[in-house]
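1. Okay, predicted coordinates and the sequence, questions at the end:
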Amino acid sequence: MAISTTTENSTTRITIDAPDRRNALSPALIRDLTDALDAAAGDDGVRSVILDHTGSTFCSGADLAAVGDTPPEQVTAGFIALLRTIVDLPKPVTAVVDGNVRAGGVGLLAACDMAFVSPGSSVATTETRIGVAPAMIALTVLPRLSSRAASRYLLTGERFDADTAARAGLVTEVVDDPRAQAASTAEGLLKCSPQGLRETKRILNREILDGFDAGADALAAKSAELFATPEALEGITAFLQKRPPNWAV
């Protein structure tokens, strides 16, 4: 299993643990994460969740080497279900980032209620560089980012640093020790009632969930359609072969 889960002081820490694959979102990892989140949601002894990672990458997005074995529609449905699980979880979810975040990983980060990030971390939504679009992550990223930042970074796929991510609204705070900050925040949440947290989160995320209801199916279909095109095949092949795609100049 590419995740590990521990619960201490009423906080469940779910750690993405596939550093050899840059914590990429394979279909199996998506299922395991969703199951772990569902378990935390159903445990009355858990008051909040921390989403952590091993290695130098929080999440690099879709596991392009693995998704080829699974129908695109199945992959997109699973990923959107994972994002919605985080947004709709009746307990706060805090992301810890100490390294790189790319593509689908940015959507995962944005789905969390809070995100503490180390100064050396970097972010990029790289979908346009492999011939697809950030369709699914738009559900969680667009409500967080300022519109000008979204236009720049989703179109260009360029990398931006932690301070820029904070100014754009994508992360909560840049701190030297994001794990310590997440633990301290989780301890503070123990002073809050479960009902108060649940209902406050529902208020905060109402518009994001409305976006899922209104557009998730269409965005999932568009993503699956794009991944099946010749341009995406070239982009993914070029990525795996570590070369520029044929449109890059």
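-> Yep, it's here. Numbers count the residues shown, from 1 in each chain.

2. got a list of what the closest residue to V132 other than its chain neighbours touches?
-> Counting by C-beta to C-beta, 6 or more residues apart in numbering, V132 lies nearest to L226, which is 4.3 Å off, once chain neighbours are set aside. For glycine as for every other residue, the C-beta is placed from the backbone atoms N, C-alpha and C. L226 makes contact with G131, V132, A133, A135, A232, according to C-beta atoms under 8 Å, 6 or more residues apart in numbering.

3. Past the helix or strand of the chain with the lowest mean pLDDT, which element shows up next along the chain?
-> Scoring the helices and strands of the chain by mean pLDDT, DSSP states H and E places helix 72-88 at the bottom, with a mean of 91. Per DSSP states H and E, the first helix or strand lying C-terminal to helix 72-88 is strand 93-97.

4. Could you name the helices and strands sitting against that next one?
-> Packing partners of strand 93-97 (3 or more C-beta pairs under 8 Å, 6 or more residues apart in numbering; DSSP states H and E): strand 48-53, strand 57-59, helix 104-111, strand 114-117, helix 178-189.

5. Now mean neighbour count and mean pLDDT too, for the ones you listed, in TSV please.
-> Rendered in TSV, the data for the helices and strands packed on strand 93-97 read as follows (neighbours: other C-beta atoms under 10 Å; pLDDT from 0 to 100):
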stretch	mean neighbour count	mean pLDDT
strand 48-53	25	98
strand 57-59	27	98
helix 104-111	27	98
strand 114-117	25	98
helix 178-189	18	98
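
6. Distance to D32 for these - can I get that in TSV?
-> Formatted as TSV, these follow (distance: least, C-beta to C-beta, whole Å):
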stretch	distance to D32
strand 48-53	13
strand 57-59	13
helix 104-111	13
strand 114-117	21
helix 178-189	21
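
7. So for G169, which of these sits nearest?
-> Between G169 and the helices and strands packed on strand 93-97, the tightest spacing by C-beta to C-beta is seen for helix 104-111, at 9.5 Å.

8. what about the helices in this structure?
-> 27-41, 72-88, 104-111, 138-141, 147-156, 162-167, 178-189, 194-204, 206-227, 230-240 (DSSP state H).

9. still on that earlier bit, columns neighbour count, pLDDT and distance to G42 on top of the contacts of L226, output as a markdown table?
-> Listed next are the contacts of L226 as a markdown table, based on neighbours: other C-beta atoms under 10 Å; pLDDT from 0 to 100; distance: C-beta to C-beta, whole Å:
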| residue | neighbour count | pLDDT | distance to G42 |
| --- | --- | --- | --- |
| G131 | 21 | 96 | 39 |
| V132 | 24 | 96 | 34 |
| A133 | 17 | 97 | 35 |
| A135 | 23 | 96 | 30 |
| A232 | 21 | 94 | 37 |
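
10. That's all I had, so thanks and see you.
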